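Visitor: structure for this input, please:
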Amino acid sequence: MEFYRVGGQPTILANLAWGRAQNGQPVWNTGRTALAHFLAKDPDWPKKFHVWSMDWTKDSLSIYLDGELLNSQRLQQTTNPDGSNPFLQPQYLLLNLALGENGGDPSGSRFPITYEVDYVRYYKPLPDPAR
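Guide: Below you'll find the model as predicted:
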């Protein structure tokens with residue numbers, strides 16, 4: 001769940017990544033949506049809070065922004081070369097504000113920058129009574 005300029009255009013990214021045979025070179029499934037898509041719906045979109053959500057089941061991951069699907073991945077296709085699947089392992093949540101575009105120089109960034117998170121929620125689905 002990121003924001004970058006892609007081809008010079010402000011873009012929202014919904015990324016999923018997992019390992020492959022070349023050490024340090026992950027497989028990426030990147031969903032890209034131009035910020036203009038959201039601005040067309042609401043010119044004040046950047047000034048508002050938004051709801052990112054991820055539906056994570058034993059079969060798939062789906063990433064949403066304000067209820068709109070941005071990316072999804074079947075987990076049967078995310079197996080690492082050693083046979084493990086990172087999305088079927090215990091996880092933790094990391095929230096951060098990264099500056100400098102992929103390790104670049106952040107000195108051109110305008111400061112101060114405000115990074116606000118209103119809330120974080122985790123929901124565990126109820127067991128399916130049909131199973």
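Visitor: all strands for this structure, in order.
Guide: 2-6, 9-18, 27-34, 52-56, 60-65, 68-74 (DSSP state E).
Visitor: what's the fifth one packed up against?
Guide: Put plainly, it is strand 60-65. strand 9-18, strand 52-56, strand 68-74 (3 or more C-beta pairs under 8 Å, 6 or more residues apart in numbering; DSSP states H and E). C-beta: built from backbone N, CA, C; applies to glycine.
Visitor: highest mean neighbour count out of those?
Guide: The highest average neighbour count among those, using mean count of other C-beta atoms under 10 Å, belongs to strand 9-18 at a mean of 17.
Visitor: quick one, that one and strand 2-6 angle?
Guide: 120 degrees (axes from the mean of the first three to the mean of the last three C-alpha atoms, to 10 degrees).
Visitor: ok, and the helix or strand in the chain with the lowest average confidence?
Guide: Counting by mean pLDDT, DSSP states H and E, the chain has its least confident helix or strand at strand 2-6, which shows a mean of 84.
Visitor: next, report how far stretch 31-50 is displaced from the centre of its chain.
Guide: 16 Å (C-alpha atoms, centre = their mean, to the nearest Å).
Visitor: alpha carbons of that stretch, as CSV, please.
Guide: Provided in CSV are the C-alpha atoms of stretch 31-50 (Å, rounded to 0.1, in the frame of the first residue of the first chain):
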residue,chain,number,x,y,z
GLY,A,31,-1.7,-3.1,-8.7
ARG,A,32,-1.3,0.5,-10.0
THR,A,33,-4.1,3.0,-9.9
ALA,A,34,-3.5,6.6,-10.9
LEU,A,35,-4.3,9.2,-8.2
ALA,A,36,-6.3,10.9,-10.9
HIS,A,37,-8.8,8.1,-10.7
PHE,A,38,-9.7,9.0,-7.1
LEU,A,39,-9.4,12.8,-7.8
ALA,A,40,-12.1,12.4,-10.6
LYS,A,41,-14.5,11.1,-7.9
ASP,A,42,-13.5,13.7,-5.3
PRO,A,43,-11.1,16.6,-5.8
ASP,A,44,-10.6,16.8,-2.0
TRP,A,45,-9.6,13.1,-1.9
PRO,A,46,-6.0,13.7,-0.6
LYS,A,47,-7.3,15.8,2.3
LYS,A,48,-9.4,13.0,3.7
PHE,A,49,-8.9,9.8,5.6
HIS,A,50,-9.3,6.6,3.6
